[in-house]
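>>> let's see this in three dimensions:
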Amino acid sequence: MVLDTVHQTIEEHHLLEPGDRLVAGVSGGPDSLCLLHLLLRLQEEFGLQLHAAHLNHQLRGEEAEADAVFVRQTAARWHVPLTVETTDVAALAAEHQMGLEEAARQARYAFLARVAGRVGATKIVVGHNADDQAETVLMHLLRGSGLAGLRGISPVLDIGGWRLGVGGWKLEVGSYLQPPTSCPRGIQPPISNLQPPTSNLQIIRPLLSVPRSAIEAYCQENRLRPRFDRSNLDTTFFRNRLRRQVLPALEEVAPGLSGRLRQLAELAAADYALLESVLDEKWRELLLEQCEGALILDLAKWRAAPLSLRRGALRRAVYHLRPHLRNLTFDHVESARRIAETGATGAASTLPGRLQLSVSYGRMIVGNQDFLPPPNWPALNSDDVVPLTIPGRTPLPGAPWQVEACLLPAGPEMCATAFNNQDAWRAFLDADVVGDTVVLRPRRPGERFQPLNMGGKSSSVANFMINCRIPAGWRDRLPILARPEHILWIAGRRLDHRARITAQTRQILRVSFLHSI
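Just a heads-up that it's a prediction; the model follows:
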């Protein structure tokens, strides 16, 4: 009995709570009409507050108008409040360069979420059934999906953490990054402008274990006369071909296939949930930093993780940055994974959504293609030239750093302090060599200097920075202390041989980078 099956699904997945306020999507077809009828039967038991919603996609002319009239009449007869809207789905599909099926799906879910916002509902109820589940699993299987896609359609889906806007939904995150597993594989985030009103908005599917044949029988038994959508006969749509041609043919070869596909979805969902819980724990170790437009992961720990977790972490990073992305394929993930596993610093792999994976010193960065990871040291802009105040403090422009310069006597005790200095961002120089005209600036093309402890031999600044493993994007921003004639100190890295303290040094200049608090 359909009602018993729905009761079992509600209890197993905790779909309803007493007093729930629901928005039910009603197209007028068998699934949605059966769903609304069942909800009315459950209304008193759960104290439900129902609101129906119907969207005219403007794809079937007079038939679509007749559907809207039918839903209005049904809602009035059953005393269910109703919202009806019209959307030009064909125009949306053209504007966003997507298929009609995808545009219709996105428009429909945007509409339902908007209605939920108006009426204060916390749950959206839709009529996906057991046959839809089998079709979805097969569709994902044919498209080469992994475990995530084999889960099929979820009976309950939390969407309150999504924020909608033009171009897709953005996934809100908590204290640490959560995977976008709540993004339904067959339902992409809507393209309309709206803001879900609550933090606990859900989509629920009470009919997910009910076969289509049982729904049609239910409609006959209860004298329901649903509308028929002729577009369901159009096999130019991929899902319709699966439903009317592929699945029936496969059922002839393997009777009961649809049921086994639904079992596969249940098994995959449980296994995926376990894998995600393991990845949740590992993610806390892997994530070093979350920046605007990028995630920075610990490369060594990522490389040491099992293969499944390495793939999962890559997908999680991509979907965090692009939660509405649809075209992340196995080949994309594998190409990026191989680069991250074997690539040297500077290696990179292109990802969809104008993202890329890049390998840095001990770090793996997944971010926008133009992302430049922030340094944890003082940085100049590429065209800065900052005169150093001696003695005194000089602020770095646009950075929370100051440079303190002090003149000190060159006695034995001070010389010992200089020789034992362990602070990379503090230098002790011969004040007479430094002179009065000294600046902080970035490097210059083709520039050379004489690194300390190389006996006065020179090296190109470019090669020195590469050997020091300074990321390429920041080599033009590392502060250099220089006089007009030559470099004195590549800050944080190496003193110039000519600026070193010797037995002839009469006065010491101590230069320190201080973080402004």
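>>> from Pro352, how far off is the residue most central in space within the chain?
The centroid of the chain falls nearest to His320 when counting by CA atoms, centre = their mean (1.3 Å). Distance, His320 to Pro352, by CB to CB, to the nearest Å: 14 Å. The C-beta positions use only the backbone N, C-alpha and C, and glycine is treated the same way.
>>> which stretches in the stretch 351-500 of the chain count as helices?
Secondary structure of the stretch 351-500 of the chain (DSSP state H, counting those that start in this stretch): helices at 412-419, 431-434, 461-467.
>>> please name whichever of the ones you listed is nearest to Arg225.
Of all the helices of the stretch 351-500 of the chain, helix 461-467 sits nearest to Arg225, with 75.9 Å by CB to CB.
>>> dump the C-alpha coordinates for that closest one into PDB.
Only the C-alpha atoms of helix 461-467 are listed here, as PDB (Å, rounded to 0.1, in the frame of the first residue of the first chain):
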ATOM      1  CA  VAL A 461      69.100  37.500  -7.500                       C
ATOM      2  CA  ALA A 462      66.700  35.500  -9.600                       C
ATOM      3  CA  ASN A 463      68.700  32.200  -9.200                       C
ATOM      4  CA  PHE A 464      69.200  32.900  -5.500                       C
ATOM      5  CA  MET A 465      65.500  33.300  -4.900                       C
ATOM      6  CA  ILE A 466      64.700  30.100  -6.800                       C
ATOM      7  CA  ASN A 467      67.300  28.300  -4.600                       C
END
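>>> elements contacting it?
strand 448-449, strand 487-490 (3 or more CB pairs under 8 Å, 6 or more residues apart in numbering; DSSP states H and E).
>>> buried residues, stretch 440-448. List them.
440-443 (16 or more other CB atoms under 10 Å).
>>> in JSON lines: the residues you listed, plus pLDDT and distance to Leu287.
Listed next are the buried residues of stretch 440-448 as JSON lines, based on pLDDT from 0 to 100; distance: CB to CB, whole Å:
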{"residue": "Leu440", "pLDDT": "95", "distance to Leu287": "34"}
{"residue": "Arg441", "pLDDT": "94", "distance to Leu287": "35"}
{"residue": "Pro442", "pLDDT": "93", "distance to Leu287": "31"}
{"residue": "Arg443", "pLDDT": "94", "distance to Leu287": "32"}
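>>> between the residues you listed, which is closest to Asp476?
Pro442 (5.2 Å).
>>> what residues are up against that closest one?
Contact analysis of Pro442 by CB atoms under 8 Å, 6 or more residues apart in numbering lists 380-384, 476-480.
>>> quick one: closest of the helices and strands packed on helix 461-467 to Leu242.
Nearest of those to Leu242, taken as CB to CB: strand 487-490 at 63.3 Å.
>>> hmm, who's touching that closest one?
The contact list for strand 487-490, computed with CB under 8 Å, 6+ apart, reads 427, 429, 433-434, 438, 447, 449, 461, 464-465, 478, 480-482, 495-496, 498-499, 511.
>>> among the helices of the stretch 351-500 of the chain, which is nearest Leu208?
helix 461-467 (57.2 Å).
>>> quick one: average confidence on that closest one?
The average pLDDT within helix 461-467 is 92.
>>> who touches that helix?
Contacts of helix 461-467 (CB under 8 Å, 6+ apart): 443-444, 447-449, 451, 475, 478, 480, 487, 490, 493-494.
>>> sorry, back to before: which ChimeraX command selects the buried ones in the contacts of strand 487-490?
Buried residues among these (16+ other CB under 10 Å), as a ChimeraX selection:
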select :427,429,433,434,438,449,461,464,465,478,480,481,482,495,496,498,499,511
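>>> mind checking the SS state of the residue nearest to Asn129 when sequence neighbours are not counted?
Distances taken as CB to CB, 6 or more residues apart in numbering put Leu207 closest to Asn129, at 4.7 Å, once the chain neighbours are dropped. Per DSSP: H, G, I helix; E, B strand; the rest coil, the secondary structure class of Leu207 is coil.
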